[in-house]
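J.: below are the sequence and a predicted model for it; my questions follow.
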Amino acid sequence: MDIESAAPALAPCGDGGFSGFRVGRHDLGRWSWERAPAPEASDLAAGEILVTADKFAFTANNITYGRLDEPMPFARFFPAADGWQYIPVWGFATVTASRAAGIGVGARIYGFLPMASHLRLRPDHLRGSRFVDGAAHRQGLPPTYNEYVLTDRTGQDEADEDLHLVLRPLFSLSFFCAAFLAQEGGFGARRIIISSASSKTALGLALLVKRSTLGACELVGLTSAGHVGFVRRHGAYDAVLPYAEIATLSPVPTVYVDIAGNAAVRRAVHHRLGPVLRHSARVGFTHWETLDDRAGAELLPGPQPTLFFTADHIVARRRQWGADGLKSRLADAWQAFAAEAACWLTIDKAAGHAAVERVYRAVLDGRVPPDKAHILSVGAA
């Protein structure tokens with residue numbers, strides 16, 4: 001297959017050639033490996049770099065990236081041949097060739113990568129330890145996902161890398177959602193209900209809510225029957241209910257934070273609590289297999305669900321607190337969550353095509369326990 005016509009954002013590199021894991025654009029249960037020979041570093045255009053992917057995390061959040069078209073078409077980040085897509089992952093990579101000023105071979109980066117062995121980038125707006133990919137097809141996409149960090153310029157501790165890969169992208173959603181709820185005074189509610197309570201995003205949000213001005217609100221976690229035991233043992237919530245018991249919720253002023261994205265659960269919450277709901281936020285899609293494309297237009301009792309798009313809130317908080325203020329608050333919150341998560345989270349690491357397929361299938365099928373996570377490496381073809 002002609003790699004340049006099939007996937008212009010990807011460039012084979014290295015002794016073993018290019019290897020990329022792609023999945024069906026409209027069928028996540030279909031996948032294949034794309035392979036190509038390695039070109040010479042001299043094939044780079046001026047201003048470009050080639051990076052070799054070292055490792056990346058793969059969680060249910062990445063399945064969401066593969067499923068969504070709106071508000072963010074994640075398939076645009078790393079274009080693939082018709083009918084295919086490269087699911088974005090957060091990972092570390094090493095620069096193996098460079099024709100970009102200020103970035104040398106051997107530099108290490110953190111940011112959005114495809115599930116592939118190599119990637120071609122065009123660093124733009126290099127300031128200190130950060131740059132954005134200036135490739136034409138990524139113009140207009142949110143800068144949050146276009147930015148890369150040169151980690152050897154930040155002093156990041158390599159011992160914390162694995163926890164960072166698994167949790168930091170998810171925690172960003174937790175942080176900005178908690179900041180939004182606090183800014184709104186919890187919409188005057190006395191209770192906050194969070195679905196997909198066992199998810200890492202929900203656990204981060206629960207921790208931050210308890211540490212915020214909303215700490216007096218009752219915090220209720222909704223989860224599947226199989227995860228009730230884990231969530232209760234974790235202790236993040238004042239009460240934990242399986243989805244089947246939504247009808248037992250008492251009618252007190254409530255904010256609903258929908259991380260599951262399960263249309264049936266959302267309907268049940270609204271029909272039970274509609275008159276006392278103060279706000280309903282669609283935050284996540286951990287139950288990707290239950291997504292109903294018509295659900296967003298469905299009229300439900302109470303306030304209509306409002307989509308929470310993290311990129312917009314990042315911009316808003318940066319304007320409110322300033323870049324340094326945002327960085328400081330986020331760092332403090334992250335340290336608290338990382339220390340807590342290290343006590344209950346187990347991270348498994350694996351490399352190679354068979355491992356990638358095995359983990360992908362397990363995450364897709366929802367067979368990964370909430371206290372487990374995976375870090376992978378594709379390797380060269």
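T.: Happy to help now that I have it.
J.: low pLDDT regions in this structure?
T.: Low-confidence regions of the chain, defined by pLDDT under 70, span residues 1-16, 39-40, 69-72, 155-159, 284-297, 380-381.
J.: domains in it, by residue range?
T.: Per the record's domain assignment (automatic domain parsing), the chain is made up of the domains 3-156+345-377, 168-311.
J.: figure out which of those domains is closest to D332.
T.: With C-beta to C-beta as the measure, domain 168-311 is the member of the domains of the chain nearest D332 (9.9 Å). Just so you know, the C-beta spots here come from the backbone N, C-alpha and C atoms, and that holds for glycine as well.
J.: mind checking how far that closest one is from the chain centre?
T.: Put simply, domain 168-311 sits 17 Å off its chain's centre (C-alpha atoms, centre = their mean, to the nearest Å).
J.: want to throw the domains of the chain into JSON lines with mean neighbour count and distance to A331?
T.: JSON lines is the format used below for those (neighbours: other C-beta atoms under 10 Å; distance: least, C-beta to C-beta, whole Å):
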{"stretch": "domain 3-156+345-377", "mean neighbour count": "18", "distance to A331": "11"}
{"stretch": "domain 168-311", "mean neighbour count": "19", "distance to A331": "10"}
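J.: I'd like those domains written out as JSON lines, with distance to F337 added.
T.: Conversion of these to JSON lines gives the following (distance: least, C-beta to C-beta, whole Å):
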{"stretch": "domain 3-156+345-377", "distance to F337": "11"}
{"stretch": "domain 168-311", "distance to F337": "5"}
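J.: nearest to D162, of the ones you listed?
T.: Nearest to D162 among these is domain 3-156+345-377 (5.1 Å), distances taken as C-beta to C-beta.
J.: hey, what's L376 bridged with?
T.: Each beta-bridge partner of L376 is listed here: F56, A350, as defined by DSSP bridges.
J.: which of the domains of the chain sits closest to R329?
T.: It is, among these and with distance given as C-beta to C-beta, domain 168-311, at 8.0 Å.
J.: measure the closest one end to end?
T.: 15 Å (C-alpha to C-alpha, to the nearest Å).
J.: before we move on, what about stretch 184-194?
T.: From start residue to end residue, stretch 184-194 stretches across 17 Å - C-alpha to C-alpha.
J.: contacting residues around that stretch?
T.: Contacts with stretch 184-194, where a contact means C-beta atoms under 8 Å, 6 or more residues apart in numbering, come from 181, 202, 205-206, 209, 213-214, 217-222, 237, 249, 252-257, 259, 269, 278-279.
J.: nearest to G325, of the domains of the chain?
T.: Using C-beta to C-beta as the measure, domain 168-311 is the one of the domains of the chain that comes nearest G325, at 11.6 Å.
J.: who does the nearest residue to V257 once chain neighbours are set aside bridge with?
T.: With C-beta to C-beta, 6 or more residues apart in numbering as the criterion, V257 has its nearest non-adjacent residue at 4.7 Å, and that residue is I194. Beta bridges link I194 to G221, V257 when assigned by DSSP bridges.
J.: test my guess that L163 contacts W344.
T.: No: with the criterion set as C-beta atoms under 8 Å, L163 and W344 do not qualify as a contacting pair; they are 11.8 Å apart.
J.: more neighbours, the two?
T.: Regarding L163 and W344, a neighbour count based on other C-beta atoms under 10 Å identifies L163 as having more, with 20 against 12.
J.: how about the more buried one, what does it touch?
T.: The contact partners of L163, taken as C-beta under 8 Å, 6+ apart, are A338, A341, A342, L345, I347.
J.: just the ones of those residues in helices?
T.: Assignment to helices by DSSP state H places the following of the contacts of L163 there: A338, A341.
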